[in-house]
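Enquirer: need coordinates for the below:
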Amino acid sequence: MNKELWTSDFKIITIGTVISMLGNAVAGFAMGILVLDYTKSTFLYALFMVIYNLPKIVAPLFAGPYMDRFSRKKVIYVLDFISSGLYLLIYLILRQNLFIYPLFIILVLFIGTIDGIYAVAYESLYPNLVTKGNFSKAYSISSMIYPLAAFMVPVASFIYIRWGTAAPLFLFNTITFFIAACFETQIKYKEEHISSKEEAKFNFSAYKADFKEGLDYMREEKGLFIITTYFCITMFASGGAQTLMLPFFKNHPEYFSHVPIDVVTLFTIIGGFGVLGRLIGGFIHYRYRYPVKKKFIIALTVYTSISILEAFQLYFPLPLMALSFFLIGIMGVTSFNIRISATQSYVPDQKRGRFNGTFQMICAAGGIIGQLVAGGLGEAVPERLIIIAFMGINLVAAFFIMYKGREDVKKIYNRRV
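Expert: This next block holds a predicted model:
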């Protein structure tokens with residue numbers, strides 16, 4: 001390992017992220033399968049996912065300027081403590097077998113708000129804990145955390161099927177988020193963007209000026225604007241496609257009648273190949289650097305390849321479907337690493353919170369619209385046809401937005417980080 005990269009603060013945030021992501025992976029699966037099983041409706045399931053993501057439009061918008069004035073590390077561990085308490089409440093509710101759809105809508109609204117703010121705080125703090133010249137390696141490590149945590153999903157699936165309740169899964173979440181928060185309180189990094197106690201006080205006029213400055217910065221930086229626009233459309237397409245994956249498996253068990261396991265377990269196994277791909281992709285990025293001048297063309301190739309594979313993979317026989325998920329996992333990490341290491345090293349620390357807030361808001365809006373449209377169409381139109389249409393939109397965007405704006409994007413992507 002690169003000793004220069006592994007500072008004490010970097011170790012702490014990495015360990016804390018691993019632990020909290022274990023809970024996040026389990027929570028995401030538990031929430032989804034719980035709602036789908038109780039409601040038996042693709043639309044209500046999609047609506048639940050939309051409600052979860054809805055605060056991610058508003059929260060980052062306001063959180064961005066906040067993160068450029070206040071302590072990002074305090075926000076991170078306070079939110080993890082709150083998450084621990086919320087998951088404990090859900091555990092107690094399920095122990096009493098009191099699943100009430102409107103109540104869980106309210107709870108997931110709170111969780112989505114927390115996640116939206118946390119993402120801005122984390123992405124704004126994380127680059128400051130990375131030593132110079134190690135951005136690519138650091139984000140390679142970051143990209144491997146989720147795949148490692150996602151290996152908990154098959155375990156969660158087994159527990160859910162075996163016990164017939166998601167309650168133990170939420171108790172697990174309670175513990176993991178509490179432990180992660182305890183780790184995160186030990187980060188020692190001095191946040192230099194808070195220059196004085198006076199500046200750290202909440203001032204609405206200054207806050208409004210910061211917010212406007214963040215939007216102006218996004219408009220002025222044409223490359224960042226193009227990247228954000230494209231990823232908004234990508235989130236629309238992938239949000240819609242991912243929303244229909246689990247319903248496809250559950251609504252069409254006849255397609256998998258030759259497999260001697262239930263469709264939920266089969267779905268987690270097939271999805272596991274995508275997780276494995278992400279893990280290997282992260283390892284590749286950690287060990288090898290892509291040629292600086294080729295980063296944009298590599299990213300563009302990834303965007304188009306993912307669109308084509310994801311459009312048709314549900315038509316593939318199971319071995320080829322698993323292979324497609326695996327390849328998309330590798331390419332997804334490549335897309336993530338090139339984009340985030342380039343943008344986070346490009347944006348000045350004093351503006352990073354505002355940029356991340358705006359980026360998260362716009363991409364979340366795209367994802368929510370995609371989920372809602374896919375959920376509505378999924379009640380009447382075959383899931384696979386909807387996914388083809390969504391990926392077609394993504395393919396068009398890759399050409400007319402990213403390729404057309406390549407000269408501006410290359411200035412950000414094609415740099416040594």
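Enquirer: low-confidence ranges in the stretch 201-350 of the chain?
Expert: 201-211, 214 (pLDDT under 70).
Enquirer: swap in the stretch 1-150 of the chain?
Expert: Using pLDDT under 70, the stretch 1-150 of the chain drops low at 1-6, 61, 148, 150.
Enquirer: repeat that for 80
Expert: 1-7, 22-34, 36-43, 45-46, 49-50, 53, 56-70, 97-99, 132-137, 142-150 (pLDDT under 80).
Enquirer: ranges for the helices of it?
Expert: 8-39, 42-53, 55-67, 72-95, 101-125, 135-150 (DSSP state H, counting those that start in this stretch).
Enquirer: to residue 331, which of those lies closest?
Expert: Smallest distance to residue 331 across these (Cβ to Cβ): 11.9 Å, for helix 135-150. Yep, even glycine has a C-beta here, placed from its N, CA and C like the rest.
Enquirer: from the contact counts, what lies against the following helix or strand past the closest one?
Expert: Next helix or strand after helix 135-150 toward the C-terminus (DSSP states H and E): helix 152-163. Helices and strands touching helix 152-163, by 3 or more Cβ pairs under 8 Å, 6 or more residues apart in numbering; DSSP states H and E, are helix 8-39, helix 167-184, helix 263-287.
Enquirer: what is the mean pLDDT for helix 152-163?
Expert: Averaging pLDDT along helix 152-163 gives 74.
Enquirer: mind saving the C-alpha coords of that helix as PDB?
Expert: Provided in PDB are the C-alpha atoms of helix 152-163 (Å, rounded to 0.1, in the frame of the first residue of the first chain):
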ATOM      1  CA  MET A 152     -23.900  -8.500   2.600                       C
ATOM      2  CA  VAL A 153     -27.000  -8.400   0.300                       C
ATOM      3  CA  PRO A 154     -27.100 -12.200  -0.300                       C
ATOM      4  CA  VAL A 155     -26.700 -12.600   3.500                       C
ATOM      5  CA  ALA A 156     -29.500 -10.200   4.100                       C
ATOM      6  CA  SER A 157     -31.700 -12.000   1.500                       C
ATOM      7  CA  PHE A 158     -31.000 -15.400   3.300                       C
ATOM      8  CA  ILE A 159     -32.000 -13.900   6.700                       C
ATOM      9  CA  TYR A 160     -35.100 -12.200   5.300                       C
ATOM     10  CA  ILE A 161     -36.300 -15.500   3.600                       C
ATOM     11  CA  ARG A 162     -35.300 -17.700   6.600                       C
ATOM     12  CA  TRP A 163     -36.800 -15.500   9.300                       C
END
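Enquirer: from the chain's centre, how far out does it sit?
Expert: Chain-centre distance of helix 152-163: 22 Å, with Cα atoms, centre = their mean, to the nearest Å.
Enquirer: in that helix, what counts as buried?
Expert: 152-154, 156-157, 159-160 (16 or more other Cβ atoms under 10 Å).
Enquirer: quick one: which of these is nearest residue 35?
Expert: Distances from residue 35 to the buried residues of helix 152-163, taken by Cβ to Cβ, are shortest for residue 160, at 12.6 Å.
Enquirer: for the residue lying closest to that closest one once chain neighbours are set aside, grab the count of nearby residues.
Expert: Closest residue to residue 160 apart from its sequence neighbours, by Cβ to Cβ, 6 or more residues apart in numbering: residue 166 at 5.7 Å. Residue 166 has 23 neighbours, counted by other Cβ atoms under 10 Å.
Enquirer: who's in contact with residue 166?
Expert: 30, 33-34, 94, 160 (Cβ atoms under 8 Å, 6 or more residues apart in numbering).
Enquirer: how does it look with 7 Å?
Expert: When contacts are counted by Cβ atoms under 7 Å, 6 or more residues apart in numbering, residue 166 touches 30, 34, 94, 160.
Enquirer: list the contacts for residue 213?
Expert: Counting by Cβ under 7 Å, 6+ apart, residue 213 has contacts residue 354.
Enquirer: no, scratch that, I was asking about residue 218
Expert: 224-225, 228, 355, 358.
Enquirer: and it, how far from residue 75?
Expert: 22 Å (Cβ to Cβ, to the nearest Å).
Enquirer: same question, residue 232
Expert: 25 Å.
Enquirer: determine which two of the contacts of residue 166 are furthest apart.
Expert: Pairwise over the contacts of residue 166, using Cβ to Cβ, the maximum falls at 94 and 160, 11.2 Å.
Enquirer: what's around the spatially closest residue to residue 35 that is not a sequence neighbour, how many residues?
Expert: Spatial nearest neighbour of residue 35, excluding adjacent residues (Cβ to Cβ, 6+ apart): residue 48 at 4.6 Å. Per other Cβ under 10 Å, the neighbour tally for residue 48 reads 23.
Enquirer: over to residue 37?
Expert: 15.
Enquirer: before we move on, what about the one 3 residues further on?
Expert: Other residues near residue 40 come to 11 when the count uses other Cβ under 10 Å.
Enquirer: ditto for the one 3 residues further on
Expert: By the criterion of other Cβ under 10 Å, residue 43 has 17 neighbours.
Enquirer: and if you look at the one 4 residues further on?
Expert: By other Cβ under 10 Å, the residues close to residue 47 number 19.
Enquirer: is it true that it touches residue 373?
Expert: No - using Cβ atoms under 7 Å as the test, residue 47 is too far from residue 373 to be in contact (11.8 Å).
Enquirer: gap between residue 402 and residue 251?
Expert: Distance from residue 402 to residue 251, by Cβ to Cβ: 34 Å.
Enquirer: who has more neighbours, those two?
Expert: residue 402 (23 against 17).
Enquirer: how would you label that one: helix, strand or coil?
Expert: Each residue gets one of three states, and residue 402 gets helix by DSSP: H, G, I helix; E, B strand; the rest coil.
Enquirer: hang on, isn't it packed against residue 228?
Expert: No - Residue 402 is beyond contact range of residue 228, at 11.4 Å (criterion: Cβ under 7 Å).
Enquirer: what's in contact with stretch 287-296?
Expert: Under Cβ under 7 Å, 6+ apart, the answer for stretch 287-296 is 136, 298, 338, 406, 409-410, 413-416.
Enquirer: just the endpoints, please. Distance across that stretch?
Expert: 20 Å (Cα to Cα, to the nearest Å).
Enquirer: and it, what's buried?
Expert: Buried residues in stretch 287-296 (16+ other Cβ under 10 Å): 290, 295-296.
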